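**Q** no FASTA, just this:
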């Protein structure tokens, strides 16, 4: 376990709010990373994707980097523009 992991573990033990906020933030981060990886795998730049979605490059960047409040319909459009399907699981 590296220093960052030790710090996070220690903070989680001390604060329920930190744990809740951290987990929510981590989920948002994973969504953004997943979208970015899918776009890169498709060989499409942010600008090209923005044109397909009739939006601006900055909007694609915002989706990939700050996806905490993204709509399901936006995720579906993003996936379709990449020639992918969106699947949502409840576990």
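**A** That came through, no problem. Just so we're clear, the structure is a prediction, and the values are computed from it rather than from any experiment.

**Q** count of residues packed around residue 2?
**A** When neighbours are defined as other CB atoms under 10 Å, residue 2 has 7 of them. Just so you know, the C-beta spots here come from the backbone N, C-alpha and C atoms, and that holds for glycine as well.

**Q** show me the contacts for it.
**A** Counting by CB atoms under 8 Å, 6 or more residues apart in numbering, residue 2 makes contact with nothing.

**Q** also residue 46?
**A** By CB under 8 Å, 6+ apart, the neighbours of residue 46 are 39, 57, 60, 61, 64.

**Q** most centrally placed residue in this protein?
**A** residue 32 (1.7 Å; CA atoms, centre = their mean).

**Q** wait, doesn't that one sit right on residue 67?
**A** Yes. When contacts are counted by CB atoms under 8 Å, residue 32 is listed as touching residue 67 (4.2 Å).

**Q** can you give me the strands for this structure?
**A** Read by DSSP state E, the chain holds no strands at all.

**Q** so which residues of it form helices?
**A** 3-14, 16-41, 46-53, 57-65, 72-81 (DSSP state H).
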